[in-house]
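Asker: sequence and predicted structure below; questions after.
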Amino acid sequence: MGLTKKSSPTIGTLPTTTTHGGRAFTPARRRHPGGQPYCSNQRLMTILCSIITILVLRGTIGLTFLTSSPKTRIGSHMAESDRIVAEIRSDGHEDDDPEPTSDNNTYTLGPKIIDWDLSRRKWLRQNRGFPNRVNGKSRILLVTSSPPGPCQNPIGDHYLLKSIKNKIDYCRMHNIEIVYNMAHMDHELSGYWSKLPLIRRLMLSHPEVEWVWWMDGDAFITDMFFEIPISKYDKDGYNLVVHGHPNLLFGEKSWIALNTGSFLIRNCQWALNLLDAWAQMGPKGRIRAEAGEILTVNLKGRPKFEADDQSALIYLLISRRDEWMDKVVLENSYYLHGFWAGLVDRYEELIELYKPGYGDERWPFVTHFVGCKPCVGQGDYAFERCVKSMERAFNFADNQVIGMLGYGHRGLLSPNVKRTRNDTDRPLENRDYRT
């Protein structure tokens, strides 16, 4: 039909057309000067726009997207996500320059520093706005870290987030600064050894910090009201505070005589010297492998594997006791490190019998999930047990935080919360947050 041919008045009427007296009644049509109905041109333009839109969508999205099923598209997106995560985990970017492993005994953490105490005192005098003591207490910097890439098990990332939230809460409550690191700063000292170059660099770049407190990412602070007796360590002249037992260290020479998952080290020349000596067994490759054999022979109960930072410190303190031990305190009056397996199942009992603030077996200061390896998902203990225990530890600590707001978790395995006290128009009265 030509565009200029008129329709019969009784045939092909629009749905809105009504008839009157046998004749079709249609509203008046606007005509262009050429006599073509305006509505016909409008329909033509609508068809043309629709065709153009389809062509644009086909070119932008792709014909396969228009014809594929939703399940196929979801699978494609998941495969793409897995590919991206795998690339991040591989740590093999083509622009990265490979660094050779060390096969000699000359490894150092950096240029030898011999006058740090003098240089630091001078800096503090010249920078009064950055004192090493705040409100009469030594300035503490809590340092923790996690791998630079995603966890192999995604649940591990979730609990790393809970772990850093837990540490931030404690630092906020006690005016402690915190650094969260995700970078490997030394190619030679990988894995657990990576803490040593990080601690050294933080000491040198933050001379205002008196103490660096290292905590592993799988350790939770579970007594949020306990305060580290840092003044006692200052008074007694200690430079290293680590959870341990003298009889296990010097009597049995046990490889679990102390734990380096949570320790304090003073920012001083003595500490720099210790870090240099401590790191000698750490370079990956032949040095670390051979050092592991020495540690296994000399430390009771140690399995055969490459040198780790904890065994290396134990061996250093035993073999060079006169050089180091007068500045080291093996702390066991409270849980600077508390092994999780003997603690998490007792939380309800502790809540009934005690209140926070002790830091010892009555209310453990730190619950450390040694052997769980949540980021990998293949540790020394059943993964489900570890995850449930970490959830209990987090909620046990979090109840002490949100209790200040009048809330608490419905259970130690529940993320949901409930009110623990009613609102009042006198919120500052009876302000005991520990109940």
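Answerer: Thanks, I have the structure now.
Asker: how close does residue 140 sit to residue 244?
Answerer: 20 Å (Cβ to Cβ, to the nearest Å). Every C-beta, even on glycine, is put in place using the N, C-alpha and C of the backbone.
Asker: between the two, point out the one with more neighbours.
Answerer: residue 244 (25 against 20; other Cβ atoms under 10 Å).
Asker: quick one, phi psi at that one?
Answerer: Phi and psi for residue 244, reported as degrees, to the nearest 10, are phi -170, psi 180.
Asker: and the closest residue to it other than its chain neighbours, how many neighbours?
Answerer: If the residues on either side of it in the chain are set aside, residue 244 comes closest to residue 258, at 3.0 Å by Cβ to Cβ, 6 or more residues apart in numbering. By the criterion of other Cβ under 10 Å, residue 258 has 25 neighbours.
Asker: cool, and the one 10 residues further on?
Answerer: Neighbours of residue 268 under the rule other Cβ under 10 Å: 17.
Asker: wait, it touches residue 239, no?
Answerer: Yes. Using Cβ atoms under 8 Å, residue 268 is in contact with residue 239, at 6.0 Å.
Asker: beyond the helix or strand hosting residue 166, next helix or strand please.
Answerer: Element membership of residue 166, judged by DSSP states H and E, is helix 154-174. Later in the chain than helix 154-174, the nearest helix or strand by DSSP H and E is strand 177-181.
Asker: list the contacts of that next one.
Answerer: Here strand 177-181 makes contact (Cβ atoms under 8 Å, 6 or more residues apart in numbering) with 139-146, 164, 167-168, 171, 198, 202, 209.
Asker: show me where the stretch 151-300 of the chain has helices.
Answerer: 154-174, 195-205, 230-236, 246, 269-278, 286-298 (DSSP state H, counting those that start in this stretch).
Asker: need the ones you listed in TSV (columns: distance to residue 114, mean pLDDT and mean neighbour count).
Answerer: Below are the helices of the stretch 151-300 of the chain laid out as TSV (distance: least, Cβ to Cβ, whole Å; pLDDT from 0 to 100; neighbours: other Cβ atoms under 10 Å):
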stretch	distance to residue 114	mean pLDDT	mean neighbour count
helix 154-174	33	96	18
helix 195-205	13	97	19
helix 230-236	24	97	14
helix 246	31	97	12
helix 269-278	7	98	19
helix 286-298	25	97	16
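Asker: same list (those helices) but as TSV, adding distance to residue 377.
Answerer: Converted to TSV, the helices of the stretch 151-300 of the chain look like this (distance: least, Cβ to Cβ, whole Å):
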stretch	distance to residue 377
helix 154-174	7
helix 195-205	22
helix 230-236	37
helix 246	36
helix 269-278	30
helix 286-298	24
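Asker: gap between the two ends of stretch 245-255?
Answerer: Using Cα to Cα, to the nearest Å, one end of stretch 245-255 lies 11 Å from the other.
Asker: quick one: that stretch to chain centroid distance?
Answerer: For stretch 245-255, the distance from its own C-alpha centre to the chain's C-alpha centre is 33 Å (Cα atoms, centre = their mean, to the nearest Å).
Asker: repeat for stretch 372-381
Answerer: Centre to centre, stretch against its chain (Cα atoms, centre = their mean), the figure for stretch 372-381 is 15 Å.
Asker: likewise stretch 222-229?
Answerer: 21 Å.
Asker: contacts for it next, please.
Answerer: 140, 169-170, 173-174, 213, 264, 334-335, 338, 343, 356-359, 363-367, 393, 396-397, 400-401, 434.
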